[in-house]
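Enquirer: coords please:
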Amino acid sequence: QWGEPGTLGATRVEQPVSSGSRRYQVDMPYLAAHIGRALPVSYGVIDAREQEHLSAIRQLQVQTLPSQRLEAVQCDGLSGGNLSYTSVAPEGARLTLKKWPLITTDHWVLITMTGVSTTGQDSSFEAVRKRPVTTQELVAGIGFSTDVRVSKVFLNTLQRNRPLTGKVYVSFDGGQTWPPLAAPNFPLLQLTLVG
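Expert: Residues are numbered from 1 along each chain as shown. The predicted structure is shown next:
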């Protein structure tokens, strides 16, 4: 038994990898729901009288995805690490994010852009509000088949020649848990907003 029965990412694997083997394969969507988390695992043995004998439940820690396997959100219209406000389209600058390993529609995504407001405070724009990954995005990634943008109206509220940072947060368990806002789990896009 992989995970708590009835919860997201839980499954019971009945067939071994090969006949007579004691190895069982957990399919990718069930693994992906537990990235960076601990989950209960157990097994059962059926005797000659068809009685099942359950093992003790163990906690298994699924590792996080290494950051070098993840990509930062990308912003169209950059020149040498700068985004020129005057060259941004009226509807805003387009953002894209390539798909990541083990991506499923059980994953949720949040993409923000943070700059320095005219009052000197950090100001954030949610280009993608917390939502599930779509089936189209499993193939294409985020923003390739839909229009994801950082608003030009928002960009106009920011100081020029100051940092503008793209942050990606992914919940691997259907939106139940998220990384802290101060610690996105994907690499940062770091650029400068210029006039």
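Enquirer: list the contacts of the residue nearest the centre of the chain.
Expert: Nearest to the geometric centre of the chain sits V170, at 2.6 Å (CA atoms, centre = their mean). If you count contacts by CB atoms under 8 Å, 6 or more residues apart in numbering, V170 has them with W100, H107, W108, V109, L110, P179, N185, F186. Heads up, the C-betas are built off the backbone N, CA and C, glycines and all.
Enquirer: who does the third one bridge with?
Expert: Pointing back at W108 there. Beta-bridge partners recorded for W108 (DSSP bridges): P132, S171.
Enquirer: just give me the neighbour total for it.
Expert: 21 (other CB atoms under 10 Å).
Enquirer: so it sits against T134, correct?
Expert: No. Using CB atoms under 8 Å, W108 makes no contact with T134, being 11.1 Å away.
Enquirer: before we move on, back to that, local confidence estimate at the residue nearest to the centre of the chain?
Expert: On the pLDDT scale, V170 is placed at 97.
Enquirer: before we move on, what about Q68?
Expert: The confidence metric pLDDT takes the value 84 at Q68.
Enquirer: which phi and psi does it have?
Expert: Comment: the main-chain dihedrals of Q68 come out as phi -70, psi -10, following degrees, to the nearest 10.
Enquirer: now do the one 10 residues further on
Expert: According to degrees, to the nearest 10, the main-chain angles of L78 amount to phi -80, psi 150.
Enquirer: ok, now how distant is it from L95?
Expert: The span separating L78 from L95 equals 11 Å under the rule CB to CB, to the nearest Å.
Enquirer: who has more neighbours, those two?
Expert: L95 (22 against 15).
Enquirer: list the contacts for that one?
Expert: For L95, the residues meeting the contact criterion (CB under 8 Å, 6+ apart) are 73-76, 111, 113, 127-128, 142-143, 148-150, 166.
Enquirer: which secondary structure element is home to it?
Expert: Using DSSP states H and E, the secondary-structure element containing L95 is strand 93-96.
Enquirer: strand partners (parallel or antiparallel) of that strand?
Expert: Strand 93-96 has its sheet partners listed here by DSSP bridges as strand 74-75 (antiparallel), strand 149-150 (antiparallel).
Enquirer: pretty sure V73 contacts F186?
Expert: Yes. Counting by CB under 8 Å, a contact exists between V73 and F186, whose distance comes to 7.4 Å.
Enquirer: can you classify the closest residue to T64 other than its chain neighbours by secondary structure?
Expert: Among residues not flanking T64 along the chain, G36 sits closest, at 4.1 Å (CB to CB, 6 or more residues apart in numbering). Going by DSSP: H, G, I helix; E, B strand; the rest coil, the secondary structure assigned to G36 is coil.
Enquirer: where's G36 relative to S67, distance?
Expert: Applying CB to CB to G36 and S67 gives a distance of 12 Å.
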